[in-house]
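1. What follows is a predicted structure for the sequence shown.
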Amino acid sequence: MGSSDSNKESQTQQYLIVACALTENSKDSIKDELIKSSKNISSNVSVLDFDVPFSLKFGAFDDLVKLVDDLAKHDTGVEVVLRRVERLGLELDPGMELRIIWQRSSYTIQQYLRSFSWDHAKFPKERSMKENLAALLQSVSKLDTDLRAKSAQFNEVKASVQNSFGKSATQSTSNSGNGAESGTSNTNGNNLIVVSGTLNTKDLTDVITPECIESGDIVDTEHIITVFVIVPKGNKENFLNSYESFDKYVVPKSAKFIKGITDKDGNEIARILIFKSSVESFKTNCKNHKFIVRDDFKYSQEKYNHLMSTRQKLLQEKDKQEKYLKRMCFAGFSEIFISWIHVKAMRCFVEAVLRYGVPPQFASFMISMDSNQSKLKKVQNSVERVFTEMGRIGATFKSNEKDVDDDYTPYVFLQFSPYQQSL
(Lines give C-alpha, C1' and ligand atoms only; values in the text may rest on other atoms or scores of the structure.)
Protein backbone atom coordinates (compact mmCIF):
# COMPACT_ATOMS: atom_id res chain seq x y z
CA MET A 1 0.00 0.00 0.00
CA GLY A 2 1.46 3.33 -1.00
CA SER A 3 1.23 6.63 0.79
CA SER A 4 -2.07 8.26 -0.03
CA ASP A 5 -2.97 11.89 -0.57
CA SER A 6 -6.45 11.05 0.69
CA ASN A 7 -5.01 10.40 4.16
CA LYS A 8 -3.42 13.84 4.16
CA GLU A 9 -6.62 15.41 2.86
CA SER A 10 -8.64 13.73 5.61
CA GLN A 11 -6.46 15.24 8.29
CA THR A 12 -7.68 18.67 7.27
CA GLN A 13 -11.30 17.58 6.78
CA GLN A 14 -14.15 17.39 9.21
CA TYR A 15 -17.69 16.20 8.68
CA LEU A 16 -20.98 17.41 10.10
CA ILE A 17 -24.15 15.34 10.28
CA VAL A 18 -27.20 17.61 10.46
CA ALA A 19 -30.95 17.02 10.31
CA CYS A 20 -34.16 19.02 10.46
CA ALA A 21 -37.82 18.07 10.39
CA LEU A 22 -39.52 17.94 7.01
CA THR A 23 -42.47 20.26 6.45
CA GLU A 24 -43.83 21.32 3.08
CA ASN A 25 -40.36 21.52 1.54
CA SER A 26 -38.76 18.41 0.09
CA LYS A 27 -35.38 17.08 1.18
CA ASP A 28 -33.94 17.94 -2.24
CA SER A 29 -35.03 21.57 -2.01
CA ILE A 30 -33.49 21.89 1.46
CA LYS A 31 -30.27 20.32 0.16
CA ASP A 32 -30.21 22.75 -2.78
CA GLU A 33 -30.53 25.67 -0.40
CA LEU A 34 -27.77 24.30 1.83
CA ILE A 35 -25.49 23.95 -1.19
CA LYS A 36 -26.28 27.49 -2.34
CA SER A 37 -25.66 28.86 1.14
CA SER A 38 -22.40 26.92 1.59
CA LYS A 39 -20.94 28.33 -1.63
CA ASN A 40 -20.98 31.77 -0.02
CA ILE A 41 -18.68 30.39 2.70
CA SER A 42 -16.18 28.29 0.74
CA SER A 43 -15.88 26.21 -2.39
CA ASN A 44 -14.48 23.41 -0.18
CA VAL A 45 -17.78 22.89 1.65
CA SER A 46 -19.77 19.94 0.25
CA VAL A 47 -23.33 18.96 1.14
CA LEU A 48 -24.15 15.25 0.81
CA ASP A 49 -27.21 13.13 1.45
CA PHE A 50 -26.97 11.07 4.64
CA ASP A 51 -29.22 8.06 4.22
CA VAL A 52 -30.86 7.30 7.57
CA PRO A 53 -33.89 5.02 7.15
CA PHE A 54 -37.13 6.01 8.89
CA SER A 55 -37.90 2.34 9.57
CA LEU A 56 -35.46 1.83 12.46
CA LYS A 57 -37.22 0.24 15.44
CA PHE A 58 -36.92 1.91 18.80
CA GLY A 59 -39.76 0.80 21.11
CA ALA A 60 -41.19 3.29 23.61
CA PHE A 61 -40.30 6.96 23.97
CA ASP A 62 -38.48 6.26 27.25
CA ASP A 63 -36.25 3.81 25.38
CA LEU A 64 -35.19 6.64 23.07
CA VAL A 65 -34.20 8.89 25.97
CA LYS A 66 -31.91 6.18 27.35
CA LEU A 67 -30.72 5.19 23.89
CA VAL A 68 -29.56 8.69 23.00
CA ASP A 69 -27.19 8.77 25.98
CA ASP A 70 -26.00 5.21 25.33
CA LEU A 71 -25.31 6.06 21.71
CA ALA A 72 -23.31 9.16 22.65
CA LYS A 73 -21.20 7.06 25.02
CA HIS A 74 -20.67 4.21 22.56
CA ASP A 75 -19.92 6.64 19.73
CA THR A 76 -16.88 7.75 21.74
CA GLY A 77 -16.01 4.18 22.71
CA VAL A 78 -16.06 2.88 19.14
CA GLU A 79 -13.94 5.83 18.01
CA VAL A 80 -11.36 5.01 20.69
CA VAL A 81 -11.03 1.49 19.26
CA LEU A 82 -10.94 2.86 15.71
CA ARG A 83 -8.10 5.24 16.57
CA ARG A 84 -6.16 2.47 18.29
CA VAL A 85 -6.42 0.27 15.19
CA GLU A 86 -5.56 3.20 12.94
CA ARG A 87 -2.54 4.10 15.05
CA LEU A 88 -1.29 0.51 15.11
CA GLY A 89 -1.70 0.14 11.35
CA LEU A 90 0.21 3.34 10.62
CA GLU A 91 2.95 2.42 13.10
CA LEU A 92 3.44 -0.81 11.17
CA ASP A 93 3.25 0.94 7.80
CA PRO A 94 3.25 4.77 7.75
CA GLY A 95 2.29 4.64 4.07
CA MET A 96 -0.77 2.46 4.64
CA GLU A 97 -3.91 3.80 2.96
CA LEU A 98 -6.79 2.81 5.20
CA ARG A 99 -9.79 2.08 3.01
CA ILE A 100 -13.33 0.83 3.43
CA ILE A 101 -14.29 -2.59 2.07
CA TRP A 102 -18.04 -2.55 1.54
CA GLN A 103 -20.24 -4.73 -0.66
CA ARG A 104 -17.14 -6.40 -2.14
CA SER A 105 -15.68 -3.10 -3.32
CA SER A 106 -12.88 -0.93 -1.99
CA TYR A 107 -13.53 2.73 -1.22
CA THR A 108 -11.59 5.65 0.14
CA ILE A 109 -13.03 7.13 3.32
CA GLN A 110 -14.43 10.05 1.31
CA GLN A 111 -16.03 7.74 -1.26
CA TYR A 112 -17.70 5.66 1.43
CA LEU A 113 -19.07 8.68 3.28
CA ARG A 114 -20.37 10.21 0.06
CA SER A 115 -22.26 7.02 -0.81
CA PHE A 116 -23.26 5.89 2.69
CA SER A 117 -26.41 3.84 2.99
CA TRP A 118 -27.70 1.76 5.86
CA ASP A 119 -26.36 -1.81 5.79
CA HIS A 120 -29.56 -3.84 6.17
CA ALA A 121 -27.62 -7.11 5.97
CA LYS A 122 -25.52 -6.31 9.04
CA PHE A 123 -28.15 -4.33 10.90
CA PRO A 124 -31.54 -5.67 9.75
CA LYS A 125 -34.60 -3.49 10.21
CA GLU A 126 -36.40 -6.42 11.84
CA ARG A 127 -34.21 -5.94 14.90
CA SER A 128 -34.57 -3.00 17.25
CA MET A 129 -31.85 -0.37 17.38
CA LYS A 130 -30.96 -1.61 20.85
CA GLU A 131 -30.36 -5.10 19.45
CA ASN A 132 -28.44 -3.79 16.45
CA LEU A 133 -26.30 -1.63 18.73
CA ALA A 134 -25.54 -4.62 20.98
CA ALA A 135 -24.51 -6.72 17.96
CA LEU A 136 -22.39 -3.85 16.62
CA LEU A 137 -20.60 -3.36 19.94
CA GLN A 138 -19.98 -7.10 20.28
CA SER A 139 -18.39 -7.16 16.82
CA VAL A 140 -16.20 -4.13 17.57
CA SER A 141 -15.17 -5.61 20.92
CA LYS A 142 -14.17 -8.90 19.28
CA LEU A 143 -12.12 -7.11 16.63
CA ASP A 144 -10.44 -5.06 19.34
CA THR A 145 -9.68 -8.17 21.42
CA ASP A 146 -8.32 -10.10 18.43
CA LEU A 147 -6.12 -7.20 17.34
CA ARG A 148 -4.79 -6.65 20.85
CA ALA A 149 -3.94 -10.35 21.14
CA LYS A 150 -2.23 -10.42 17.75
CA SER A 151 -0.38 -7.19 18.52
CA ALA A 152 0.84 -8.64 21.83
CA GLN A 153 2.00 -11.79 20.03
CA PHE A 154 3.82 -9.68 17.44
CA ASN A 155 5.49 -7.62 20.18
CA GLU A 156 6.71 -10.84 21.82
CA VAL A 157 8.33 -11.91 18.56
CA LYS A 158 9.84 -8.43 18.15
CA ALA A 159 11.24 -8.66 21.68
CA SER A 160 12.70 -12.09 20.90
CA VAL A 161 14.40 -10.64 17.83
CA GLN A 162 15.78 -7.74 19.85
CA ASN A 163 16.96 -10.06 22.61
CA SER A 164 18.63 -12.34 20.07
CA PHE A 165 20.48 -9.45 18.48
CA GLY A 166 20.81 -7.56 21.76
CA LYS A 167 23.59 -5.05 21.45
CA SER A 168 25.46 -7.33 19.13
CA ALA A 169 24.45 -5.55 15.97
CA THR A 170 27.53 -4.46 14.11
CA GLN A 171 28.07 -1.60 11.74
CA SER A 172 30.40 -1.69 8.77
CA THR A 173 32.34 1.49 8.15
CA SER A 174 35.11 2.39 5.80
CA ASN A 175 38.38 3.05 7.57
CA SER A 176 39.96 6.24 6.28
CA GLY A 177 43.45 4.80 6.61
CA ASN A 178 44.41 6.11 10.02
CA GLY A 179 44.19 2.72 11.69
CA ALA A 180 47.02 3.44 14.10
CA GLU A 181 45.10 6.38 15.46
CA SER A 182 41.90 4.40 15.80
CA GLY A 183 43.68 1.53 17.52
CA THR A 184 42.68 -1.07 14.95
CA SER A 185 44.79 -3.34 12.81
CA ASN A 186 42.79 -2.28 9.78
CA THR A 187 45.14 0.27 8.29
CA ASN A 188 44.72 -0.32 4.58
CA GLY A 189 41.29 1.17 3.93
CA ASN A 190 39.45 -2.14 4.34
CA ASN A 191 36.01 -2.41 5.91
CA LEU A 192 36.06 -2.05 9.67
CA ILE A 193 33.42 -3.69 11.84
CA VAL A 194 32.43 -1.26 14.58
CA VAL A 195 30.60 -3.25 17.25
CA SER A 196 27.89 -1.50 19.23
CA GLY A 197 28.29 -1.79 22.99
CA THR A 198 31.60 -2.79 24.52
CA LEU A 199 33.78 -5.78 23.72
CA ASN A 200 34.54 -6.08 27.44
CA THR A 201 31.14 -7.57 28.24
CA LYS A 202 29.13 -8.33 25.10
CA ASP A 203 28.51 -11.81 23.72
CA LEU A 204 31.22 -12.42 21.14
CA THR A 205 29.42 -15.24 19.33
CA ASP A 206 28.44 -13.07 16.37
CA VAL A 207 31.45 -10.74 16.69
CA ILE A 208 34.18 -13.32 16.18
CA THR A 209 32.65 -14.97 13.15
CA PRO A 210 33.99 -17.67 10.80
CA GLU A 211 34.96 -14.87 8.40
CA CYS A 212 37.31 -13.47 11.07
CA ILE A 213 39.01 -16.75 11.88
CA GLU A 214 41.92 -18.18 9.94
CA SER A 215 43.38 -21.65 10.04
CA GLY A 216 45.28 -22.20 13.28
CA ASP A 217 43.60 -19.35 15.16
CA ILE A 218 41.54 -21.67 17.36
CA VAL A 219 43.35 -24.30 19.42
CA ASP A 220 41.73 -26.51 22.02
CA THR A 221 43.86 -29.53 22.90
CA GLU A 222 44.40 -31.47 26.09
CA HIS A 223 46.81 -28.83 27.39
CA ILE A 224 46.65 -25.69 25.23
CA ILE A 225 43.72 -23.38 24.51
CA THR A 226 43.00 -20.17 22.63
CA VAL A 227 42.09 -17.23 24.87
CA PHE A 228 40.69 -13.90 23.66
CA VAL A 229 41.86 -10.64 25.24
CA ILE A 230 40.24 -7.20 24.93
CA VAL A 231 42.92 -4.57 24.38
CA PRO A 232 42.01 -0.91 25.05
CA LYS A 233 42.49 1.69 22.37
CA GLY A 234 46.10 2.80 22.01
CA ASN A 235 47.50 -0.21 23.93
CA LYS A 236 48.18 -2.58 21.09
CA GLU A 237 51.98 -2.24 21.14
CA ASN A 238 52.01 -2.33 24.94
CA PHE A 239 50.09 -5.60 24.89
CA LEU A 240 52.29 -7.19 22.23
CA ASN A 241 55.43 -6.24 24.19
CA SER A 242 54.18 -7.45 27.57
CA TYR A 243 51.69 -10.33 27.29
CA GLU A 244 54.36 -13.06 27.31
CA SER A 245 55.56 -11.85 30.72
CA PHE A 246 52.13 -12.30 32.31
CA ASP A 247 52.63 -16.05 32.71
CA LYS A 248 55.46 -18.40 31.83
CA TYR A 249 53.06 -20.81 30.15
CA VAL A 250 51.92 -18.34 27.49
CA VAL A 251 52.92 -19.67 24.07
CA PRO A 252 55.55 -17.22 22.77
CA LYS A 253 54.65 -15.12 19.74
CA SER A 254 51.11 -16.52 19.75
CA ALA A 255 49.39 -13.13 20.00
CA LYS A 256 47.33 -12.18 16.99
CA PHE A 257 44.75 -9.41 16.64
CA ILE A 258 41.42 -10.27 15.05
CA LYS A 259 41.45 -8.02 12.02
CA GLY A 260 38.82 -5.41 11.34
CA ILE A 261 36.91 -5.55 14.65
CA THR A 262 36.62 -2.73 17.18
CA ASP A 263 33.94 -1.26 19.40
CA LYS A 264 32.76 2.32 19.84
CA ASP A 265 35.57 2.94 22.37
CA GLY A 266 38.26 1.66 20.03
CA ASN A 267 38.89 -1.57 21.94
CA GLU A 268 40.27 -4.47 19.91
CA ILE A 269 40.41 -8.26 20.26
CA ALA A 270 43.62 -10.29 20.42
CA ARG A 271 43.94 -14.02 20.71
CA ILE A 272 46.80 -15.82 22.45
CA LEU A 273 47.62 -19.47 23.13
CA ILE A 274 48.23 -20.61 26.69
CA PHE A 275 48.34 -23.74 28.79
CA LYS A 276 44.92 -24.37 30.29
CA SER A 277 46.34 -24.61 33.80
CA SER A 278 47.63 -21.02 33.60
CA VAL A 279 44.54 -19.21 32.34
CA GLU A 280 43.56 -17.83 35.77
CA SER A 281 47.06 -16.54 36.49
CA PHE A 282 47.25 -14.93 33.05
CA LYS A 283 43.80 -13.42 33.53
CA THR A 284 44.80 -11.80 36.83
CA ASN A 285 47.97 -10.26 35.40
CA CYS A 286 46.07 -9.01 32.35
CA LYS A 287 43.56 -7.32 34.62
CA ASN A 288 46.38 -5.58 36.50
CA HIS A 289 47.48 -4.09 33.17
CA LYS A 290 43.90 -3.14 32.14
CA PHE A 291 43.51 -5.96 29.63
CA ILE A 292 40.34 -8.06 29.87
CA VAL A 293 40.53 -11.82 29.30
CA ARG A 294 37.25 -13.13 27.86
CA ASP A 295 37.62 -16.70 29.10
CA ASP A 296 33.82 -16.84 29.30
CA PHE A 297 33.78 -17.10 25.50
CA LYS A 298 34.84 -20.12 23.49
CA TYR A 299 34.72 -19.89 19.73
CA SER A 300 32.38 -22.40 18.12
CA GLN A 301 31.32 -22.30 14.50
CA GLU A 302 28.49 -24.66 15.36
CA LYS A 303 27.21 -22.23 18.00
CA TYR A 304 27.56 -19.34 15.55
CA ASN A 305 25.63 -21.20 12.85
CA HIS A 306 22.90 -22.09 15.34
CA LEU A 307 22.61 -18.44 16.41
CA MET A 308 22.36 -17.26 12.80
CA SER A 309 19.75 -19.92 12.02
CA THR A 310 17.71 -18.96 15.08
CA ARG A 311 17.84 -15.30 14.14
CA GLN A 312 16.81 -16.03 10.58
CA LYS A 313 13.79 -17.99 11.79
CA LEU A 314 12.85 -15.20 14.21
CA LEU A 315 13.13 -12.58 11.48
CA GLN A 316 10.99 -14.69 9.16
CA GLU A 317 8.39 -15.16 11.91
CA LYS A 318 8.44 -11.43 12.67
CA ASP A 319 7.93 -10.61 9.00
CA LYS A 320 5.10 -13.14 8.73
CA GLN A 321 3.29 -11.82 11.80
CA GLU A 322 3.84 -8.20 10.80
CA LYS A 323 2.22 -8.80 7.41
CA TYR A 324 -0.70 -10.59 9.03
CA LEU A 325 -1.15 -7.83 11.62
CA LYS A 326 -1.14 -5.20 8.85
CA ARG A 327 -3.93 -7.09 7.09
CA MET A 328 -5.86 -7.32 10.35
CA CYS A 329 -5.49 -3.57 10.90
CA PHE A 330 -6.59 -2.82 7.35
CA ALA A 331 -9.67 -5.05 7.60
CA GLY A 332 -10.37 -4.08 11.22
CA PHE A 333 -10.28 -0.37 10.47
CA SER A 334 -12.80 -0.86 7.67
CA GLU A 335 -15.18 -2.90 9.83
CA ILE A 336 -14.98 -0.55 12.80
CA PHE A 337 -15.32 2.59 10.67
CA ILE A 338 -18.50 1.22 9.09
CA SER A 339 -19.83 0.43 12.56
CA TRP A 340 -18.89 3.91 13.79
CA ILE A 341 -20.82 5.63 11.01
CA HIS A 342 -23.82 3.41 11.72
CA VAL A 343 -23.69 4.50 15.36
CA LYS A 344 -23.79 8.08 14.11
CA ALA A 345 -26.74 7.25 11.85
CA MET A 346 -28.57 5.80 14.86
CA ARG A 347 -27.75 8.92 16.87
CA CYS A 348 -29.07 11.09 14.06
CA PHE A 349 -32.31 9.07 13.95
CA VAL A 350 -32.86 9.07 17.71
CA GLU A 351 -32.09 12.75 18.17
CA ALA A 352 -34.33 13.66 15.22
CA VAL A 353 -37.25 11.67 16.62
CA LEU A 354 -36.78 13.16 20.09
CA ARG A 355 -36.71 16.65 18.61
CA TYR A 356 -39.36 16.36 15.94
CA GLY A 357 -41.60 13.52 17.08
CA VAL A 358 -43.17 10.53 15.37
CA PRO A 359 -43.67 9.28 12.77
CA PRO A 360 -40.06 9.96 11.75
CA GLN A 361 -40.01 12.60 9.02
CA PHE A 362 -36.71 14.42 8.79
CA ALA A 363 -34.07 15.45 6.28
CA SER A 364 -30.51 14.41 7.16
CA PHE A 365 -27.32 15.55 5.47
CA MET A 366 -23.57 15.19 5.76
CA ILE A 367 -21.42 18.27 5.24
CA SER A 368 -17.68 18.01 4.58
CA MET A 369 -15.41 20.98 5.12
CA ASP A 370 -11.92 22.06 6.16
CA SER A 371 -11.01 21.87 9.84
CA ASN A 372 -11.36 25.58 10.47
CA GLN A 373 -13.15 26.94 13.53
CA SER A 374 -14.23 30.24 11.99
CA LYS A 375 -15.52 28.42 8.91
CA LEU A 376 -17.29 25.89 11.12
CA LYS A 377 -19.20 28.65 12.90
CA LYS A 378 -20.25 30.16 9.57
CA VAL A 379 -21.46 26.78 8.34
CA GLN A 380 -23.43 26.23 11.56
CA ASN A 381 -25.11 29.62 11.22
CA SER A 382 -25.86 28.88 7.57
CA VAL A 383 -27.38 25.48 8.40
CA GLU A 384 -29.53 26.91 11.17
CA ARG A 385 -30.81 29.69 8.90
CA VAL A 386 -31.73 27.26 6.11
CA PHE A 387 -33.34 24.79 8.51
CA THR A 388 -35.33 27.54 10.20
CA GLU A 389 -36.61 28.89 6.90
CA MET A 390 -37.26 25.63 5.05
CA GLY A 391 -37.67 22.90 7.64
CA ARG A 392 -38.42 22.83 11.32
CA ILE A 393 -36.06 22.80 14.27
CA GLY A 394 -36.89 21.97 17.85
CA ALA A 395 -35.79 23.18 21.24
CA THR A 396 -37.60 20.80 23.56
CA PHE A 397 -35.18 17.88 23.73
CA LYS A 398 -32.01 17.82 25.78
CA SER A 399 -29.81 14.84 26.56
CA ASN A 400 -28.90 13.91 30.12
CA GLU A 401 -25.26 14.00 29.07
CA LYS A 402 -23.74 17.26 30.30
CA ASP A 403 -21.11 17.37 27.55
CA VAL A 404 -23.81 17.04 24.93
CA ASP A 405 -25.91 19.74 26.57
CA ASP A 406 -23.02 22.19 26.43
CA ASP A 407 -22.99 21.90 22.64
CA TYR A 408 -26.75 21.61 22.23
CA THR A 409 -28.30 22.89 19.01
CA PRO A 410 -32.02 23.07 18.15
CA TYR A 411 -31.36 20.79 15.18
CA VAL A 412 -29.43 17.51 14.96
CA PHE A 413 -25.73 18.30 14.84
CA LEU A 414 -22.91 15.75 15.04
CA GLN A 415 -19.29 16.52 14.21
CA PHE A 416 -16.41 14.14 13.45
CA SER A 417 -13.10 13.73 11.64
CA PRO A 418 -12.50 10.54 9.63
CA TYR A 419 -8.88 10.30 10.78
CA GLN A 420 -7.23 11.31 14.01
CA GLN A 421 -5.84 14.79 13.63
CA SER A 422 -2.42 14.08 15.17
CA LEU A 423 -1.15 11.75 12.45
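-> Received, thanks.
2. can you list the domain ranges for this structure.
-> Structurally, the chain divides into domains by automatic domain parsing as follows: 5-159+315-416, 170-202+214-298.
3. between these, which gets the lowest average pLDDT?
-> The minimum mean pLDDT among these belongs to domain 170-202+214-298 (a mean of 83).
4. can you tell me which helix or strand the residue nearest the centre of the chain belongs to?
-> Per CA atoms, centre = their mean, the C-alpha nearest to the average position across the chain is that of Glu91, at 2.3 Å. Element membership of Glu91, judged by DSSP states H and E, is helix 61-92.
5. Each with direction, which strands does the next helix or strand after that helix pair with?
-> Next along the chain after helix 61-92, taking DSSP H and E as the criterion, comes strand 100-102. Next to strand 100-102 in the sheet, as set by DSSP bridges, lie strand 105-107 (antiparallel).
6. can you pull the buried residues of the partner strand?
-> Buried residues in strand 105-107, counting neighbours by 16 or more other CB atoms under 10 Å, are found at Tyr107. Bear in mind the C-beta positions are built from the backbone N, C-alpha and C, glycine included.
7. Any idea how far it is from the middle of the chain?
-> For strand 105-107, the separation from the chain centroid amounts to 23 Å (computed by CA atoms, centre = their mean, to the nearest Å).
8. and after it, which helix or strand comes next?
-> Heading C-terminal from strand 105-107, the first helix or strand you meet, by DSSP H and E, is helix 109-114.
9. what sits up against that next one?
-> 6, 9-10, 13, 15, 48, 98-100, 102, 337-338, 341, 366, 368, 418-419 (CB atoms under 8 Å, 6 or more residues apart in numbering).
10. filter those to the buried ones?
-> Neighbour counting over those (16+ other CB under 10 Å) leaves 6, 10, 13, 15, 48, 98-100, 102, 337-338, 341, 366, 368, 418-419 as the buried ones.
11. which one among those residues gets closest to Leu64?
-> Nearest to Leu64, judged by CB to CB, of the buried ones among the contacts of helix 109-114 is Ile341 at 20.2 Å.
12. For that closest one, give me its contacts.
-> By CB under 8 Å, 6+ apart, the contact set of Ile341 is 112-113, 116.
13. That one in helix, strand or coil?
-> Taken by DSSP: H, G, I helix; E, B strand; the rest coil, the conformation at Ile341 corresponds to helix.
14. Use 121 as the first number from now on
-> All right, first residue 121 from here; so that's Ile461.
15. related to what we said a few turns ago, and the helix holding Glu211, what other elements does it pack with?
-> Helices and strands touching helix 181-212, as assessed by 3 or more CB pairs under 8 Å, 6 or more residues apart in numbering; DSSP states H and E, comprise helix 249-285, helix 421-476.
16. Look up how far Lys464 lies from Gln493.
-> Taking CB to CB, to the nearest Å as the measure, Gln493 and Lys464 are separated by 21 Å.
17. How about His426?
-> With distances taken as CB to CB, His426 is found 56 Å from Lys464.
18. What lies in contact with stretch 331-345?
-> Counting by CB under 8 Å, 6+ apart, residues outside stretch 331-345 touching it are 346, 371, 376, 378-381, 391, 393-397, 399, 418-419, 421.
19. Go again with 6 Å.
-> 346, 378, 393, 395-396, 419 (CB atoms under 6 Å, 6 or more residues apart in numbering).
20. again with stretch 468-486
-> Taking CB under 6 Å, 6+ apart as the criterion, the residues outside stretch 468-486 that touch it are 135, 137-142, 147, 150, 167-168, 170, 172, 174, 176, 184, 187-188, 514, 517, 532.
21. picking that back up, can you list the helices and strands packed on helix 181-212 in CSV and add distance to Thr404?
-> Putting the helices and strands packed on helix 181-212 into CSV (distance: least, CB to CB, whole Å) gives the following:
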stretch, distance to Thr404
helix 249-285, 33
helix 421-476, 27
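22. Highest mean neighbour count across these, which stretch is it?
-> Across these, averaging neighbours per residue (mean count of other CB atoms under 10 Å) puts helix 421-476 on top, at a mean of 18.
23. Quickly run through the sheet partners of the very next helix or strand once past that one, with directions.
-> Remark: after helix 421-476, the chain's next helix or strand is strand 482-490, criterion DSSP H and E. Based on DSSP bridges, the strands next to strand 482-490 in the sheet, each with its direction, are strand 133-141 (antiparallel), strand 166-169 (antiparallel).
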